[in-house]
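Undergrad: Give the three-dimensional model of this entry:
(chains A and B)
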Amino acid sequence: MRLSQYFMPIMRDMPKEAEIISHQLMLRAGLVRQSSSGIYSWLPAGHRVLRKISEIVREEQDRAGAIEMLMPTIQSADLWIESGRYDDYGKEMLRITDRHGRDMLYGPTNEELITQIFRDGVSSYRDLPRNLYHIQWKFRDEVRPRFGVMRGREFLMKDAYSFDLSVEDARRAYYRMFTAYLRTFARMGLRSIPMAADTGPIGGKLSHEFIILADTGESEVFCHADLLEMDTPDIETDFDGDLEQVFNAWTAKYAATEEMHDAARFEKEVPETKRISARGIEVGHIFNFGQKYSEAMNCRVQGPDGKLITLEMGSYGIGVSRLLGAIIEASHDENGIIWPLSVAPFHVGLVNLKSGDSVTDTACEALYADLTSSGIEVLYDDSDNRAGAKFAAMDLIGLPYQVVVGPRGLQDGNVEIRTRAGGEQQTMDIAAAKTYLNEKIRDGLTVQ
RNA sequence: CGGGGUAUAGCUCAGCCUGGUAGAGCACCGGCUUUGGGAGCCGGGGGUCGAAAGUUCGAAUCUUUCUGCCCCGACCA
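TA: Below you'll find the predicted structure:
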């Protein structure tokens, strides 16, 4: 993509409505624009990141055996009356009346709808287990939206729903999602820590929040430092196998959010030097809620003995749009965003230091064409801004690699390659630069 | 929903106290000079001053009401 033909309005000044760093940087880097409180438009670069995050989520859900579908944003109130949550949900649910006077709502979540769809589509134990998910916009009319996309009213969420015949099967379904979540966040360069969680209004028994440590996190969290060093389940993980060990290993050490925190237990179980008391961002939340909805909504199948079995269910959410904020909170410096390669809007920023100079233009065009044709996503700054302005903009938008092409280096046939994360700079000839970038990016994108 | 702020150009802000018909920096357009970490000079475009009502000869400025947005708290992916 040529910057001269793109739409990425960068702001030099700090927008006053933004308080926390991720929100400031998202606005300044031209990723989002606020439409109204807690509601955002996703500009082209922000949309690219959103898509990449969604794709990682999708790949890991699929790997764990979940099946993608898509449910609507607008739902009928009837279903919610059936489950008993129409009144419980309160003002956070945006209620709408259609032209016929029917009560509708903008879905804050989808347990009711999926339960109805599933129960109507399945009648035998042979159809179980199943886990269905979608990635769809949700609306929760938060009392106080804040921190940009971290707590928006409209937000993109992946929600999966598992259906099983027995409590044991349901636990296995839970372990699969648990494991998939560890992998999902790790692929975005995040260290997530599963923490025992309160089950909240969704109800149920077993529940974990996946927390990213960050100073601007909304909740206070406590955990064992070893959790920051644990190995993430790798690509060889067998999701058809027994994942209980993964679950046990990750839940053996103390980790709890404020609501579940037990100070006495924390001090007893965690040596003083290993105690982490910090703030965290919740990027995922998984629940096993047994028969709460299947009972209320009559979701049953016939077993081998002809008797009806009420299904065991779980739901598994990931805040996809929130993850942009979380990643930036976890990865930035005073100059701007530092995108992990896997979710960066582009892999490489190509900086032409002297647009209009035929030598640099020619070199840049050739490099742009070569890199692009080898599958690398390049944002080519072909504008005629000054060098300093281009560097500042590149650092702000935070692409993982910068290739700086200028007349000085080209005299010796060289370009400069900079790594946004570490700040390393190396000079090499153009052929070497191509090889270097191809290798680095291919390796960096290989799923471990 | 309680408390506190704030609203003037795309962004950051000044002007308001003491009413006289709107400014700066950045960004943008044109020109010249410049060109390796947010250049300089010259010229230019752009604002129903959040909305409504009131006071007044005259309101960005004073009064009242409303609204948006932000922060703290309670609540939540």
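Undergrad: Where does the stretch 251-400 of chain A get nearest to RNA strand B, which residue?
TA: Residue of the stretch 251-400 of chain A nearest RNA strand B, by Cβ to the nearest atom of the strand: residue A:388 (2.5 Å). (Glycine included, C-beta is placed from N, CA and C.)
Undergrad: Then that residue would be within a strand, right?
TA: No: secondary structure of residue A:388 (DSSP: H, G, I helix; E, B strand; the rest coil): helix, not part of a strand.
Undergrad: Can you tell me how far it is from residue A:394?
TA: 11 Å (Cβ to Cβ, to the nearest Å).
Undergrad: So between the two, which is more surrounded?
TA: Shown here are residue A:388 and residue A:394; by other Cβ atoms under 10 Å, residue A:394 has more neighbours (24 against 8).
Undergrad: Could you look up the SS state of the more buried one?
TA: Residue A:394 is classified as helix under three-state DSSP.
Undergrad: Show me where chain A dips below the pLDDT cut-off.
TA: In the predicted model of chain A, residues A:199-205 satisfy pLDDT under 70.
Undergrad: Give me every residue in the stretch 251-400 of chain A lying close to RNA strand B.
TA: Residues of the stretch 251-400 of chain A lying close to RNA strand B by Cβ under 7 Å from any atom of the strand are A:282-285, A:317, A:319, A:321-322, A:335, A:353-354, A:356, A:385-389, A:391-393, A:395-396.
Undergrad: Is it correct that residue A:61 falls within a helix?
TA: Yes: when classified by three-state DSSP, residue A:61 is found to be part of a helix.
Undergrad: gap between the residue lying closest to it once chain neighbours are set aside and RNA strand B?
TA: Among residues not flanking residue A:61 along the chain, residue A:133 sits closest, at 5.4 Å (Cβ to Cβ, 6 or more residues apart in numbering). Residue A:133 sits 14 Å away from RNA strand B, going by Cβ to the nearest atom of the strand, to the nearest Å.
Undergrad: was I right about residue A:133 contacting residue A:173?
TA: No: assessed by Cβ atoms under 8 Å, residue A:133 is found out of contact with residue A:173, at 11.9 Å.
Undergrad: Okay, the residue nearest to residue A:61 and residue A:155: tell me how far apart.
TA: Counting by Cβ to Cβ, the gap from residue A:133 to residue A:155 is 16 Å.
Undergrad: of those two, who's got more company?
TA: Per other Cβ under 10 Å, whichever of residue A:133 and residue A:155 has more neighbours is residue A:133, with 28 against 21.
Undergrad: Please save the CA atoms from the helix or strand that that one is a member of in PDB.
TA: Per DSSP states H and E, residue A:133 falls inside strand A:130-139. What follows is strand A:130-139, C-alpha atoms only, in PDB (Å, rounded to 0.1, in the frame of the first residue of the first chain):
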ATOM      1  CA  ARG A 130     -20.500 -29.800  19.500                       C
ATOM      2  CA  ASN A 131     -19.000 -26.400  20.000                       C
ATOM      3  CA  LEU A 132     -20.300 -23.500  17.900                       C
ATOM      4  CA  TYR A 133     -18.900 -20.000  17.700                       C
ATOM      5  CA  HIS A 134     -19.200 -16.800  15.900                       C
ATOM      6  CA  ILE A 135     -17.400 -13.500  15.800                       C
ATOM      7  CA  GLN A 136     -20.000 -10.800  15.900                       C
ATOM      8  CA  TRP A 137     -20.600  -7.300  17.200                       C
ATOM      9  CA  LYS A 138     -22.300  -7.000  20.500                       C
ATOM     10  CA  PHE A 139     -23.900  -4.100  22.200                       C
END
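Undergrad: Mind giving me the packing neighbours of it?
TA: Under the contact criterion of 3 or more Cβ pairs under 8 Å, 6 or more residues apart in numbering; DSSP states H and E, strand A:130-139 touches helix A:44-63, strand A:67-68, helix A:111-121, strand A:154-164, helix A:167-187.
Undergrad: And those: which comes nearest RNA strand B?
TA: Going by Cβ to the nearest atom of the strand, the one of the helices and strands packed on strand A:130-139 nearest RNA strand B is strand A:154-164, 3.7 Å.
Undergrad: now the closest one, how far from the centre of its chain.
TA: In terms of Cα atoms, centre = their mean, to the nearest Å, the centre of strand A:154-164 is set 13 Å apart from its chain centre.
Undergrad: Run me through the strand neighbours of it, direction for each.
TA: Counting by DSSP bridges, the strands paired with strand A:154-164 are strand A:130-139 (antiparallel), strand A:312-319 (antiparallel).
Undergrad: Contacts (any at all) between RNA strand B and that strand?
TA: Yes: counting by Cβ under 7 Å from any atom of the strand, RNA strand B has neighbours in strand A:154-164: A:155, A:157.
Undergrad: Any buried residues in the strand holding residue A:133, and which?
TA: Judged by neighbour count (16 or more other Cβ atoms under 10 Å), strand A:130-139 contains these buried residues: A:130-136, A:138-139.
Undergrad: so which of the strands paired with strand A:154-164 comes closest to residue A:260?
TA: Nearest to residue A:260 among the strands paired with strand A:154-164 is strand A:312-319 (17.8 Å), distances taken as Cβ to Cβ.
Undergrad: following the closest one, which helix or strand shows up next?
TA: Using DSSP H and E, the helix or strand that follows strand A:312-319 in sequence is helix A:320-330.
Undergrad: Now do that following helix and strand A:312-319, the angle between them.
TA: 50 degrees (axes from the mean of the first three to the mean of the last three Cα atoms, to 10 degrees).
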